[in-house]
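Novice: what follows is a predicted structure for the sequence shown.
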Amino acid sequence: MNLSEHIHSNIVIITGHYGCGKTNLTMNMALDLAKVRDSVTVVDLDIVNPYFRISDSTQLLESKGVSVVAPNFAGTSLDTPSLSPKVMNAIEMAGKGETLTLIDVGGDPDGATTLARFKQGLNAAGYQMMYVVNQRRLQTTYAAETKELLDEIEMVSGLKGTCIVGNTHLKGETTAQTIVDSIPFNQGVSEITGLPVEFITATSTVYQEVESLLKGTKPAPPEVFPVDVYIKTPWE
């Protein structure tokens, strides 16, 4: 899959339910896009969850040419919500076409409140907002409740989702069938929200098997983006 073909703006917001895997997805997207784009910036707007922040992977990202903008207290023992002025700068630069900015947002409406601060700038620059869904997470098992969560995120942030990314997984217990079985759920969310499924993901360990299972199926399934697991729990 050519990820660049699924990027429709120089600002891509990645949001979704806690535990859906959006931060790990952001990592994979940034590393993949850095291979073909002159400038990629990741903005860590997760000021809610102290354990799964993309800023904890700053060294790896920067070693691959990705710039990281994080809350002022990221990487310390403090958990005070503080947003760097560099966030707005990253949005403005993307609006001018000087960088591709990926924004990793804290889960659920609580995390989406940070986006509201930048609503005016984001609307002026233009954005793509990916709503990441994982059928195997509580509160997003059914299309209707998944839509309700998106509605809340949109209301709090003042921004609108533009597409869905199917990221169903069971961490280390994920199989190819887990991913294939989630496709009807992704389509159900698409139908109830009116948003297209941009792509689905599969961990690199089962990616080839997923591709094999989907080959020749009708209607044509969404493209599959292979992802590695970078974001892990503290006890892993």
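Specialist: Yes, it's here.

Novice: only C-alpha atoms for contact and neighbour calcs from this point on.
Specialist: Noted.

Novice: which stretches of the chain form strands?
Specialist: Shown for the chain, the strands assigned by DSSP state E span residues 11-16, 40-45, 66-69, 100-105, 128-133, 163-166, 197-203, 224-227.

Novice: can you check what angle separates the fourth one from strand 128-133?
Specialist: The reference is to strand 100-105. Going by axes from the mean of the first three to the mean of the last three C-alpha atoms, to 10 degrees, strand 100-105 is angled at 40 degrees with respect to strand 128-133.

Novice: residues in contact with the helix of greatest length in the chain: which ones?
Specialist: If you go by DSSP state H, the chain has its longest helix at helix 143-157. For helix 143-157, the surrounding residues in contact (C-alpha atoms under 8 Å, 6 or more residues apart in numbering) are 16-17, 108-109, 112-116, 119, 131, 133, 139-140, 160-161, 185-186, 188-189, 192-193.

Novice: which positions within stretch 195-205 qualify as buried?
Specialist: Judged by neighbour count using 16 or more other C-alpha atoms under 10 Å, the buried positions of stretch 195-205 are Leu195, Pro196, Val197, Glu198, Phe199, Ile200, Thr201, Ala202, Thr203.

Novice: related to what we said a few turns ago, distance to Ala90 and mean pLDDT added to the strands of the chain, as a markdown table?
Specialist: Listed next are these as a markdown table, based on distance: least, C-alpha to C-alpha, whole Å; pLDDT from 0 to 100:
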| stretch | distance to Ala90 | mean pLDDT |
| --- | --- | --- |
| strand 11-16 | 9 | 96 |
| strand 40-45 | 7 | 93 |
| strand 66-69 | 8 | 94 |
| strand 100-105 | 7 | 95 |
| strand 128-133 | 15 | 98 |
| strand 163-166 | 22 | 98 |
| strand 197-203 | 24 | 97 |
| strand 224-227 | 25 | 97 |
